Structure formats: C-alpha cells, structure tokens
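1. how would this look folded up:
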Amino acid sequence: MHKLVAAAAIAAAGIAVVAAPGANAAPSAKPNQTVCFTGGDGTCTSLGGGGFTLGIPEGDNYTSYAGVTVSSKSLTGTPFADLTKVQFSYVGDVTGGSPRYSLTVVGTDGRDGWVFVDAASCDANGDGVVDPLDETDCVVSGYFFNVDGSTESFYYSSWDAFLAGEPGAVLGDRKPFVVYDFASGGTAPDYTDNPAGSVTVSDIFLVAAKKR
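-> The predicted structure is shown next:
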C-alpha cells in the first residue's frame, strides 16, 4: 500500500528537483548533508549531527509524509555500479516500504524513474541499518516513467540483481531522499485510521568511487 504515496513524497522532493550528487566526489567517512522536507501534517525535526525524527499524525497515512533530501554535489550521471555506499540508519516505527531511500534513475533507453530500498525489506540482520550494497537479502524496487505517462515497475531480490538487470542505469538529476510516508497499523483496505508513527534516521550516505 505504501507505494501509492510514493508519488506524493517524490513531489515534495520535487522541492528536491535540484541537481544531485557528483561523479567526481571522493568516498567520505562523513554522512552526506541532509535537509528536511514535509507534506501534509508530516513533521521533520533535526536532532543535530545528521539525525532527524520523521513523524506522521494519527489517521494520516497516504496524505502526510516527512523526509530528508540528500546532497552529494553532482553525482548526476554516475552509474549505479560505481556507487560504493548507499546507506542510512533508523530507529522506530517501521512498516513495509517506510522509511526508504529513494534514488532517481535514468535507464539505457533514456527513461527516468525511481529506485527504492526500504528498512523492512533491506535489513535482514536487524541491525537498524539499510545497506543494500552489503546486504545480500535486500529488495530493490522502483519504476520508470513511459513516454505515454504510464509507469513500468521493476523488482529485484538484491542490489547485485538490480545492477545485472539494469546494467546501464545512472543517477538522474533529482536529489535523492530518505522518506517516511506510512505508519504501521490501521485497518485494511485503506489503513487511514493508523495510529501516529515516527522514526529517527541518521548516518545517511550516498558515495561513489572517485573517478580516475
């Protein structure tokens, strides 16, 4: 269900439709710089040191969200195969697809779209770290926008499977972001009677190998 609100969160990160991170960026021991964004009645509170508490009010699934955009100085055009660290840490209320890392992608055919890795599907060892490059059991999903306005979804069981399935994929020109847009609980089919939820995210990285 959470994927239905992905478009709303991406529109907010349309705040984030700014040139993203850089192909000449060297690997760094420090997390990337991050900035809050929210939609509806979502809340984002900076804790300092790169940590943020993201919240959704009671009964507000699908309409409220909160997240942080990630800056890494012009990584636009960097092949996904050249990324050396894609990671964030989390503590709190986790449910399918939320929180998740959202990365803009351009395929070999020129279509753009989004790649998702989320806490529920990419932390098999339960250490509170989403780390698709080192987590062998990590779902990588997303979609491409078609010229007619429709979308074409994809789903891979691991980061390696994603790289094999989309070998020419590069990072697009929108800033990536970590978003929380669905709190656990609520009643099917719409889950809009959810209790309030929150999660704290920190140590957010997006790093590529230094270009030789």
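
2. going forward, measure contacts and count neighbours with C-alpha atoms only.
-> Fine.

3. show me what the spatially most central residue of the chain is bridged to.
-> Closest residue to the average C-alpha location of the chain: Tyr101 at 1.7 Å, with C-alpha atoms, centre = their mean. In this entry, Tyr101 is beta-bridged to Val117, Val178, by DSSP bridges.

4. residues in contact with Asp41?
-> Asp41 is in contact with 56-57, 60, 63-65, counting by C-alpha atoms under 8 Å, 6 or more residues apart in numbering.

5. among those, which are in strands?
-> Using DSSP state E, the members of the contacts of Asp41 that fall in strands are 56, 65.

6. which of the contacts of Asp41 are buried? Put it as a ChimeraX command.
-> Buried residues within these, by 16 or more other C-alpha atoms under 10 Å, are selected in ChimeraX with:
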select :56,57,60,63,64,65
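
7. which of the contacts of Asp41 lies closest to Ala183?
-> Nearest to Ala183, judged by C-alpha to C-alpha, of these is Ile56 at 6.7 Å.

8. just to revisit the earlier point, doesn't Trp114 make contact with the residue nearest to the centre of the chain?
-> No - using C-alpha atoms under 8 Å, Tyr101 makes no contact with Trp114, being 9.9 Å away.

9. where does this protein have low pLDDT?
-> Scanning the chain for pLDDT under 70 picks out 1-29, 211-212.
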